[in-house]
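[1] Quick check, what structure comes out for this input:
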Amino acid sequence: KRGAFSGCSGLMSITIPDSVNFIGRFAFYGCKNLKYNEYDNALYLGNDNNPYVALIKAKSKDITNCTISDKCKVIGWSAFGDCSRLTSVTIPNSVTSICSSAFYRCRGLTSITIPDSVTSIGDHAFNDCSSLTSVTWNAENCTSAGTYDSPIFEGCAKLSTVTFGDNVKTIPNFAFYEHIGLTRVTIGNGVTSIGTSAFNDCRGLTRVTIPDSVTSIGSSAFRNCLGLTSVTIPDSVTSIGSAAFSSCSGLTNVTIGRGVKSIGNSAFCGCSNLTSVVWNAKNCISAGSSTFPIFSGCTNLSTLTFGDNVKKIPNYTFYYCSGLTSITIGSGVTSIGSCAFIGCSGLTSITIPDSVTSIGDDAFTGCNDLTNIKVAVGNTKYHSQWNCIIETASKTLILGCKNSVIPTDGSVTSIGDFAFSGCSGLTSITIPDSVT
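    Modelled structure (predicted):
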């Protein structure tokens with residue numbers, strides 16, 4: 001823990017067991033009589049079996065290079081703090097933990113490789129390494145790497161390139177949070193999850209390829225990455241977290257893969273230059289809400305294509321996308337969710353394919369400019385007549401528009417909830433005798 005033995009001036013020796021994988025800040029501060037092991041410009045604590053369990057401190061702030069012993073498991077708090085002349089350091093595969101501020105203000109470092117064995121990296125571990133330009137990340141299962149308030153690479157303004165090795169499975173939360181100079185990220189083919197805010201506010205990032213191994217993209221993972229222009233979510237991804245790509249104002253097109261089952265609130269909110277979405281998610285059951293629609297603020301979104309493998313269009317998916325003018329619904333869609341296109345006031349025409357058997361409440365409410373609505377021939381649940389969509393068996397008119405004429409041939413006996421809701425251009429209506 002922090003300050004565990006601080007001020008123990010009489011302490012001369014200590015044995016640390018193999019099980020220890022973390023040493024808190026100031027743990028041995030003021031232990032002036034404590035004897036350390038010495039090896040290649042560094043001071044270690046250990047025991048008889050593992051004499052270099054923890055690297056506590058560089059012997060001098062003037063060191064230019066250091067080879068960390070392959071018996072070392074922990075790089076302690078501020079172990080290389082203020083070693084501004086350090087230009088090279090090799091972290092061996094024995095190290096499992098890099099503690100807070102371990103390489104704080106090592107302004108001579110230009111590159112760093114994080115080995116497979118590392119499972120945790122403390123706050124500000126590489127803070128103010130102002131010459132650092134590249135990071136090679138091979139940590140296979142690192143689950144902790146700084147926080148929202150204390151990112152591990154804070155102040156590394158020149159950091160431009162990050163490479164994740166093929167053995168890496170997880171990109172931790174906040175790993176590269178707020179690195180505005182980061183322009184290139186290579187994600188290895190073994191990565192399965194991209195953590196919360198992993199690249200949040202990396203404004204210089206212009207391109208990222210998400211490999212087929214990824215199954216989850218965390219909340220705010222790429223939020224405010226202003227330089228991104230195109231994103232393809234591979235078929236392997238099953239979940240996209242809330243605000244994952246929000247405020248990516250440079251995005252112009254997005255493709256959502258077949259495997260996506262859930263998309264969090266405001267996932268693409270504020271992508272103001274997004275013009276085109278290709279939706280291939282076969283069975284997505286959740287996509288935002290009325291309070292936090294996933295495409296809120298995407299004022300230039302005009303074109304939407306649903307692939308032929310898509311079966312469900314979730315509730316609220318394109319809630320109030322007022323700029324949407326063109327929708328192509330694939331031949332495999334069976335259900336259109338409630339409020340799926342509510343408030344899409346720019347739509348002028350809709351064609352419902354013959355596969356659709358369910359249209360939710362308010363699916364097209366507020367589509368004020370609709371003048372042409374059709375159901376494809378062969379649909380067994382619905383048919384269209386004179387710009388009305390009618391549920392055939394119940395003879396219920398479920399959707400009309402300002403250009404509708406209610407059939408007088410007895411095919412309509414009931415007018416459903418919200419059938420003409422939001423038809424602001426409607427000036428007159430004739431209800432035929434058949435309506436009961």
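[2] buried sites along stretch 387-395?
    Going by neighbour count (16 or more other Cβ atoms under 10 Å), the buried part of stretch 387-395 is 387-391, 395. C-beta: built from backbone N, CA, C; applies to glycine.
[3] Identify the farthest-apart pair in those.
    Maximum pairwise distance among those (Cβ to Cβ): 17.0 Å, between 387 and 395.
[4] now residue 365: how far from residue 169?
    Counting by Cβ to Cβ, to the nearest Å, the separation of residue 365 from residue 169 is 44 Å.
[5] Please apply the same query to residue 366.
    Residue 366 is 45 Å from residue 169, by Cβ to Cβ.
[6] Those two: which has the busier surroundings?
    residue 366 (21 against 16; other Cβ atoms under 10 Å).
[7] Let me know the secondary structure of that one.
    coil (DSSP: H, G, I helix; E, B strand; the rest coil).
[8] Can you tell me the closest non-neighbouring residue to it?
    residue 422 (3.5 Å; Cβ to Cβ, 6 or more residues apart in numbering).
[9] Is the one you found in contact with residue 369, as I believe?
    No. With contact defined as Cβ atoms under 8 Å, residue 422 does not count as touching residue 369 (10.2 Å).
[10] For residue 164, give me phi and psi.
    phi -100, psi 120 (degrees, to the nearest 10).
[11] OK, contacts around it?
    137-138, 171, 185-188, 191 (Cβ atoms under 8 Å, 6 or more residues apart in numbering).
[12] do the same with residue 228
    By Cβ under 8 Å, 6+ apart, the neighbours of residue 228 are 205-208, 222, 245, 248, 250-251.
[13] What separation is there between residue 109 and residue 218?
    Relative to residue 218, and taking Cβ to Cβ, residue 109 is found at 28 Å.
[14] Compare neighbour counts for these two and give me the winner.
    Neighbours per residue (other Cβ under 10 Å) separate residue 109 from residue 218, with residue 218 holding more: 25 against 22.
[15] Can you give the strand pairings for the helix or strand of the chain with the lowest mean pLDDT, parallel or anti for each?
    When each helix and strand of the chain is scored by mean pLDDT, DSSP states H and E, strand 37-39 comes last, with a mean of 83. Here strand 37-39 is paired, per DSSP bridges, with strand 42-45 (antiparallel).
[16] Determine how far the partner strand lies from the middle of the whole chain.
    Chain-centre distance of strand 42-45: 40 Å, with Cα atoms, centre = their mean, to the nearest Å.
[17] helix or strand right after it?
    Downstream of strand 42-45, the first helix or strand assigned by DSSP states H and E is strand 54-58.
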